[in-house]
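1. Sequence and predicted structure below; questions after.
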Amino acid sequence: MNDIPEDIVVDTAQVKVTQAPKRLVALGVGSCVVITFYDPVLKVGAMAHTMLPDSTKSGPTSNPFKFADLAIDEVIRKMESLGSQRRNMEAKIVGGANMFPSLGHGSLRAGEENVLAVKEKLRKDGIRLAGEVVGGSVGRSVEFDTASGIVTVRVKI
Amino acid sequence: MGTKILVVDDSAFTRQIVKNALSGRGFREVIEAENGEEGLKIYEKEKPDVVLLDIILPGLHGTEVLKKIMNMDENAKVIMLTAVGQERTMKICNILGSAGYIVKPFGESRLVDTVEETLRAKGRRKRLAKLSEFEEDALREVGHIGAQHAGTALSKMIGQTVKVNLLKATLTSLDGLPKLVGDRETLVSGVYLPVTGDLSGSLLMIFPEKSAFLLVDVLLKKELGTTRELDEMDRSALSEAGNILAGNCLTALSHALGMHLVEHVPEFAHGMVGALIDNVAVVFGQKAERALIIQVELSTKKEIKVMGYFFLLFALKEAHAMLRALRAKAGE
């Protein structure tokens, strides 16, 4: 018998929602921002693996959920359809690194810009930010246990 | 000439309204589909000029159908049929490339106006037009030349003949890049070099950790297999090697294309490949979704297998500029 459920891998530009006891996993996160959402009441968990801050500044694409704004909207909609209430949701964010010291344009680099945009969007939507592991120049892997709500960040150097 | 319209809606009533409104107005044919699966099949066969697509469909959701149609035909003109309160979904449809929307319930004139307007407009995605097989081949060759010269430079650095083996050269979406190297957590060393001048793009070189360690051993004349982690000197050696390889690659490209290409200060990073490549893809991806990918294997006689990946990131617009340059060169 095998009671350890298989991990659900959340790739870039993907949004996934699940219920305890499943685990959501994102691997090798650099400047992307992974957002975990947890409703401790219903033990509903979600993960979004976003790459860019803002869909309104972009042309057409086949991956709408690479944008933080659209991905967060989608997570909230899906969790609400499972019965979660917004005031019970808490978010944690991981990533937003800059792997290459000065890659990017303008004053803000890709990682920082992503983190700022995600925080602003969460604030606007009234979702509490419960924790963050962001910035620096290191790749991270994220494991989210929806039974406990615990988010584990692994680095490999 | 008449025009073909496909209406995908599970409501026979809506389909009838569309049919009544559009027939007899110079539209040759209104084809009906009850669901997304059927709509996709008809699209492929009939290539309609405009699609009217309901968002809420049984089975495949309207957004999924839209995505599939746009993947099939980047210039497809799809008008979404929506209801009040679907603003969030409309944002997604817009990003996926829909041509417009009509809110139900709609009057005849609104429907006709929107369809006619859409027919007049150019496809939104026109700028992503594909390259022909012949053109892809020509670009492959350019990439190969660049990689060959990088190999020659490496030969000089390590005092051994380096064979450059072209594994893959293709135009691909940026999303799949990390998978070409391996598991997203695979540790790699990467050198990134922005390119400006007549072309703007970037060059990314990736060495899987084992290959990076071997390169360090060779470059710093250590016994093979000694390097197990990278100290500052090792990083500096790899960075410099990357710099020279990339520089040679770029010089070769300049000559092959007859273009002036300017290289910039390279950047070095070591870490999980998913993190490294996505970071570059994000910065680059704001300009383009697809890139020219050249994957090469560098190997020497003495059982030193160094695997390297060259990613030449140029947007399609730049790829077309390269092709024009190649044609001009051929005509000289």
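-> Yes, it's here. Numbers count the residues shown, from 1 in each chain, chains lettered A, B, ... in the order given.
2. The residue in chain B that chain A sits nearest to: neighbouring residues, count only.
-> Residue nearest to chain A within chain B: residue B:274 (2.4 Å; CB to the nearest CB). In this view, the C-beta of every residue, glycine as well, is placed from N, C-alpha and C. When neighbours are defined as other CB atoms under 10 Å in any protein chain shown, residue B:274 has 29 of them.
3. Name the SS class of it, please.
-> For residue B:274, the reduced secondary structure class is helix; criterion used: DSSP: H, G, I helix; E, B strand; the rest coil.
4. pretty sure it contacts residue B:178?
-> Yes: counting by CB atoms under 8 Å, residue B:178 is a contact partner of residue B:274 at 4.6 Å.
5. Overlap in contacts, those two.
-> A:28, B:184 (CB atoms under 8 Å, 6 or more residues apart in numbering or on different chains).
6. one step back: state the distance from the residue of chain B closest to chain A to residue B:233.
-> 27 Å (CB to CB, to the nearest Å).
7. which residues sit in contact with residue A:86?
-> A:76, A:80, A:125, A:126, A:127 are the contacts of residue A:86 under CB under 8 Å, 6+ apart.
8. Tell me where the model's unsure across the chain.
-> Assuming you mean chain A. A:1-4, A:104-108 (pLDDT under 70).
9. Sorry, I should have been clearer: chain B.
-> For chain B, the stretches with pLDDT under 70 are B:1, B:24, B:122-131, B:285-290, B:301-303, B:331-332.
10. for it, what spans make up the strands?
-> Assigned by DSSP state E, the strands in chain B fall at B:4-8, B:29-33, B:50-54, B:78-82, B:100-103, B:162-173, B:187-197, B:201-208, B:261-263, B:267-272, B:290-300, B:305-313.
11. and residue B:77, what does it touch?
-> So residue B:77 contacts B:49, B:50, B:51, B:99, B:118, B:119, B:121, B:123 (CB under 8 Å, 6+ apart).
12. secondary structure element for the closest residue to chain B within chain A?
-> Nearest residue of chain A to chain B (CB to the nearest CB) works out as residue A:28 at 2.4 Å. Here residue A:28, judged by DSSP states H and E, is contained in strand A:23-29.
13. pull the CA atoms of the next helix or strand after that strand into PDB?
-> Later in the chain than strand A:23-29, the nearest helix or strand by DSSP H and E is strand A:33-39. Extracted C-alpha coordinates of strand A:33-39, given in PDB (Å, rounded to 0.1, in the frame of the first residue of the first chain):
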ATOM      1  CA  VAL A  33       7.700  34.000  -8.500                       C
ATOM      2  CA  VAL A  34       5.900  31.000  -7.100                       C
ATOM      3  CA  ILE A  35       2.800  31.900  -5.100                       C
ATOM      4  CA  THR A  36       1.300  29.400  -2.700                       C
ATOM      5  CA  PHE A  37      -2.300  30.000  -1.500                       C
ATOM      6  CA  TYR A  38      -3.700  28.100   1.500                       C
ATOM      7  CA  ASP A  39      -7.100  27.900   3.100                       C
END
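14. excluding its backbone neighbours, what's nearest the residue nearest to the spatial centre of chain A?
-> With distances taken as CA atoms, centre = their mean, the residue of chain A nearest its centroid is residue A:35 (1.8 Å). Leaving aside its chain neighbours, residue A:35 sits nearest to residue A:48 (4.7 Å; criterion: CB to CB, 6 or more residues apart in numbering or on different chains).
15. got the contact list for the one you found?
-> Residue A:48 sits in contact with A:10, A:14, A:15, A:34, A:35, A:37, A:65, A:68, A:71, A:72, A:74, A:75, where contact means CB under 8 Å, 6+ apart.
16. Enumerate every residue touching the second one.
-> Taking CB under 8 Å, 6+ apart, we find residue A:14 in contact with A:48, A:49, A:65.
17. redo that, cut-off 10 Å
-> Counting by CB atoms under 10 Å, 6 or more residues apart in numbering or on different chains, residue A:14 touches A:8, A:26, A:47, A:48, A:49, A:50, A:63, A:65, A:66, A:71.
18. Whatever helix or strand the last one lives in vs chain B: in contact?
-> In this structure, residue A:71 is located in helix A:68-81 according to DSSP H and E. Yes: residues of helix A:68-81 are located near chain B by CB under 10 Å from any CB of the partner chain, namely A:69, A:70, A:73, A:74, A:76, A:77.
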